[in-house]
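>>> What would the 3D arrangement of this be:
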Amino acid sequence: MLSQIPLHLGGSDEYNNLMWVDKSIHKLIHITKNNTIRKYLDAINLDSKAIKKLNLLRVKVGNKPL
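Have a look, this model is predicted:
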């Protein structure tokens, strides 16, 4: 589960603020080390549409897009 509006930005853990994401995607949203990011990207092989969605979520939590 991932908060659509992160807790540190005023979001809550109420059901309407949560979204289901794959465990590997959840890690990619939060990971900042390049070698670990590459390991996960190589393992799950996302298309450009999925990368765009992933980057939107990364930015929401305060991380740089891939």
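
>>> what's near enough to touch His30?
Val61, Asn63 (C-beta atoms under 8 Å, 6 or more residues apart in numbering). Backbone N, C-alpha and C define where each C-beta goes, glycine included.

>>> repeat for Leu28
By C-beta under 8 Å, 6+ apart, the contact set of Leu28 is Ile37, Tyr40, Leu41, Leu54, Arg58, Leu66.

>>> Just want to check the distance between the closest residue to the first one other than its chain neighbours and Ile44.
Closest residue to Ile37 apart from its sequence neighbours, by C-beta to C-beta, 6 or more residues apart in numbering: Ile31 at 5.3 Å. For Ile31, the distance to Ile44 equals 13 Å [C-beta to C-beta, to the nearest Å].

>>> Looking at those two now, which is surrounded by more residues?
Ile31 (18 against 13; other C-beta atoms under 10 Å).

>>> Any chance of the backbone angles for the most centrally placed residue in the chain?
Nearest to the mean C-alpha position of the chain, counting by C-alpha atoms, centre = their mean, stands Ile29 at 2.4 Å. When read as degrees, to the nearest 10, the backbone of Ile29 gives phi -60, psi -40.

>>> Need the pLDDT of it.
pLDDT, Ile29: 95.

>>> swap in Leu2?
74.

>>> Could I get the contacting residues of it?
Leu18, Met19, Trp20, Val21, His26, Ile29, Leu57.
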